[in-house]
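[1] model this:
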Amino acid sequence: MKVLFTGMGSNHCNRPSNTTFFTVLSDALSEIAEEVVWASPSLSWTKKDLDKFDLIIFGFIAPTSLSANKIFGALHLLGLMSDSPKLKLVVDSPQMWQYKNSVNALKRDAGILFTSFYSKREGYAQAYENREFIELAANNMDAGVWPQVVYPSMPWITSEKVSNILGFVSSEDLLGINLDANLINPEPPRIGRRDLWAVENPKNSWLSELEKILSFPRIPTKTGRKTDDDYALGVLRNSIGLIIPPQERKVGTWWNYRMFQAMNTGTPIATYWQDTYRFDPSWAALAYDIEDYDPAARQMLANSQRSSYLNAIPQREESLETLKINLLDSAKEKI
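    As a prediction, the model looks like this:
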């Protein structure tokens, strides 16, 4: 079986060096498929070209966002394969709240993509001259015709909530996939940590309020504009804990690779407790309380968070079997 990975952003077409849900999905499918190919969507692709693949994993981000730099080839593919069970959309944006307004804008008028603002995007000139399948994709969105949509499942996230956030697909057409057991591989406990926080997304409005009651300094897990897993790992190993803010616009606590780096390094996690407290009490720990813990208590908290998370998700072999049934086998059965 041959699988194509592609989508709207560069990180869906050329495998990035850092870990994302898309790369985790690719690694898992590589274990059960014969071949996995990453490629940029092209306006020259025909349905015959795409029919060579048994499964198409398509990274779907807000179509009008700046990061959707492969938008024209991507929409061309959506138009070509709109009725194919091989096509699976993956929503993996770190800014989930953008989907609703962006999709609605495209549904109202696909012509917004052919303004000067988008003229520097790859394939613009060719798309401007031949927009048949791009307009078909937009019309399908307007008619509510969507492929199955895959999202990164977590113990506190439901399909109903994801459907409400996205605003364009029903919960019945969503498929939550959890492959996180593949990411959890604990290191030996560390000593000599510094009194500082590792912080993801330091400009988040929730974090701005939280900072007013914290005593320890905060170090971003990202350096400059570049996301670097190795840099973040170093920060985590030397911190008392990781603060993961919820996404803006009431989206809540979403999938983030930093969580698994924290679990592996024995680093406790503080996030929006209203999202996670029903899952397990250890995930409701407040940041200012963690500051008062001694190193042993922080280590116990980190261990409890990791254990409760692992107990709540499918283990490695089970997750691969689920992936095979819901993606590979289902695509074959419906063809």
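[2] quick one, domains of the chain?
    With domains defined by automatic domain parsing, the chain comprises 2-178+315-334, 182-312.
[3] Would you format the ones you listed as TSV with mean pLDDT and mean neighbour count included?
    (Glycine included, C-beta is placed from N, CA and C.) Below are the domains of the chain laid out as TSV (pLDDT from 0 to 100; neighbours: other CB atoms under 10 Å):
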stretch	mean pLDDT	mean neighbour count
domain 2-178+315-334	93	18
domain 182-312	95	17
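[4] For Thr6, list each beta-bridge partner.
    When bridges are called by DSSP bridges, Thr6 pairs up with Phe58.
[5] tell me the contacts of it?
    The contact partners of Thr6, taken as CB atoms under 8 Å, 6 or more residues apart in numbering, are 12-13, 38-41, 56-59, 70, 74, 77.
[6] now Trp273
    Going by CB under 8 Å, 6+ apart, the list of residues near Trp273 reads Trp283, Ala284, Ala285, Leu286.
[7] next one: Ser40
    Going by CB under 8 Å, 6+ apart, Ser40 touches Thr6, Ser10, Cys13, Asn14, Lys70, Gly73, Glu122.
[8] just those now: which is nearest Pro188?
    Ranked by distance to Pro188 (CB to CB), the contacts of Ser40 are led by Asn14 at 34.8 Å.
[9] quick one: furthest residue from the center of this structure?
    Centroid-distance maximum for the chain: Asp294 at 33.8 Å, with CA atoms, centre = their mean.
[10] Next up, phi/psi of it, please.
    Dihedral pair for Asp294: phi -80, psi 170, per degrees, to the nearest 10.
[11] Equivalent analysis for Ser205, please.
    Torsion angles at Ser205 (phi, psi; degrees, to the nearest 10) stand at phi -70, psi -40.
[12] sorry, back to before: inside helices: which ones of the contacts of Thr6?
    In this view, the contacts of Thr6 that belong to helices under DSSP state H are His12, Cys13, Ala74, Leu77.
[13] Out of these, which is nearest to Asn185?
    His12 (25.8 Å).
[14] pretty sure Ile269 is touching Ile244, no?
    Yes - between Ile269 and Ile244 a contact is recorded at 6.1 Å, counting by CB atoms under 8 Å.
[15] what touches both of these two?
    Common neighbours of Ile269 and Ile244 (criterion: CB under 8 Å, 6+ apart): Met259.
[16] Looks to me like Glu122 is in a helix.
    No - using DSSP: H, G, I helix; E, B strand; the rest coil, the secondary structure at Glu122 is coil, not a helix.
[17] Please name the residues that touch it.
    So Glu122 contacts Ser40, Asn69, Lys70, Phe72, Gly73 (CB under 8 Å, 6+ apart).
[18] Not counting its neighbours along the chain, what's nearest the most centrally placed residue in the chain?
    Residue closest to the mean C-alpha point of the chain, counted by CA atoms, centre = their mean, is Asp92 at 2.7 Å. Leaving aside its chain neighbours, Asp92 sits nearest to Phe21 (4.5 Å; criterion: CB to CB, 6 or more residues apart in numbering).
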